[in-house]
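Peer 1: A structural model of the following input is requested.
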Amino acid sequence: MKTVFHAANSRGHADHGWLNAKHSFSFASWHNPERIHFGMLRVLNDDIVAGGMGFGKHPHDNMEIITIPLAGSIQHEDSMGFSEVIHAGEVQVLSAGTGIYHSEYNPSPDQELNLFQIWIFPKQKQVEPRYAQRKYELNEDTFTELVGPEESGISTWIHQDAWLSMGAFKAGSSQEYQLKKQGNGIYLMLVEGQIKIGDQLLTQRDAIGISQTNQIQIEIEANAKILVIEVPMN
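Peer 2: Residues are numbered from 1 along each chain as shown. Below is the predicted model of the structure:
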């Protein structure tokens, strides 16, 4: 098993006043040559957006974009004609493919929005752009699949052999994550709480990349919420 640990305070940080952003991988003006991507995972941004503020219309192409609001909600509009609000407890996927424009705002005038935005390289370029969102529920002490490949049968599928799963776990339990495809790796982000993987202790917003294994064992040291991003490594 090969691992790489990324402490929460080692992430890139940009404070624009209306946007307080933490970058797990090189993004915008923050560049770390050792933190470009993890396999097919290119971006994991942890953004806090002030009330009434957001990202104006901008383009994307040939990227699978996943948005997970953790608190608050986000107003999405795009060149495909979608105008939707995504709330905490929902997940959104956007296959940019041949190219789209979109904007994303915090529709609340006084409540902050906290979200994860995740970019994954697609396995096929120049696909037709696609949008989907859905609600999810976290059942205690198990992982819930939020995103998968098309054959997974869930509406929030992407053009890659990748899975995103989230779970809420009680202190004192031991959990196992079984990888879904041979040769994949996982990037685990501890959303909150405290866990241990092998000898590595993780606290809130610490992350660990794990490859060259088929399963991982997670010891729950304190009540925890965990995001697992499973992606091809090449």
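Peer 1: Now the residue in the chain sticking out farthest from the centre: which helix or strand?
Peer 2: The centre of the chain is farthest from one residue, Gly172, which by Cα atoms, centre = their mean lies 25.7 Å away. Gly172 belongs to no helix or strand when assigned by DSSP states H and E.
Peer 1: Which secondary structure element is home to the residue lying closest to it once chain neighbours are set aside?
Peer 2: In space, and not counting its chain neighbours, Gly172 is closest to Ile220: 6.5 Å by Cβ to Cβ, 6 or more residues apart in numbering. For every residue, glycine as well, the C-beta is placed using N, CA and C. Counting by DSSP H and E, the element that carries Ile220 is strand 215-232.
Peer 1: Any buried residues in that strand, and which?
Peer 2: For strand 215-232, the buried set under the neighbour-count rule, 16 or more other Cβ atoms under 10 Å, comprises 216, 218-220, 224-232.
Peer 1: Please apply the same query to stretch 189-206.
Peer 2: For stretch 189-206, using 16+ other Cβ under 10 Å, the buried residues are Met189, Leu190, Val191, Gly193, Gln194, Ile195, Ile197, Leu202, Arg205, Asp206.
Peer 1: Mind checking which of those residues are in strands?
Peer 2: Those of these mapping onto strands are Met189, Leu190, Val191, Gly193, Gln194, Ile195, Ile197, Leu202, per DSSP state E.
Peer 1: Out of those residues, give me the two with the largest separation.
Peer 2: Greatest spacing in those, by Cβ to Cβ: Val191 and Ile197 (15.0 Å).
Peer 1: I'd say Glu104 and Gly56 touch.
Peer 2: No - Glu104 is beyond contact range of Gly56, at 9.0 Å (criterion: Cβ atoms under 8 Å).
Peer 1: where's the residue most central in space within the chain relative to Asn223, distance?
Peer 2: Residue closest to the average C-alpha location in the chain (Cα atoms, centre = their mean): Ile118, at 4.2 Å. Per Cβ to Cβ, to the nearest Å, Ile118 is found 24 Å from Asn223.
Peer 1: Can you name the residues in contact with the host helix or strand of Gly209?
Peer 2: Per DSSP H and E, Gly209 falls inside strand 207-211. Taking contacts as Cβ atoms under 8 Å, 6 or more residues apart in numbering, the residues outside strand 207-211 that touch it are 1-6, 8, 24, 38-39, 44, 184-190, 197, 200, 202, 216, 233.
Peer 1: Nothing else from me, thank you.
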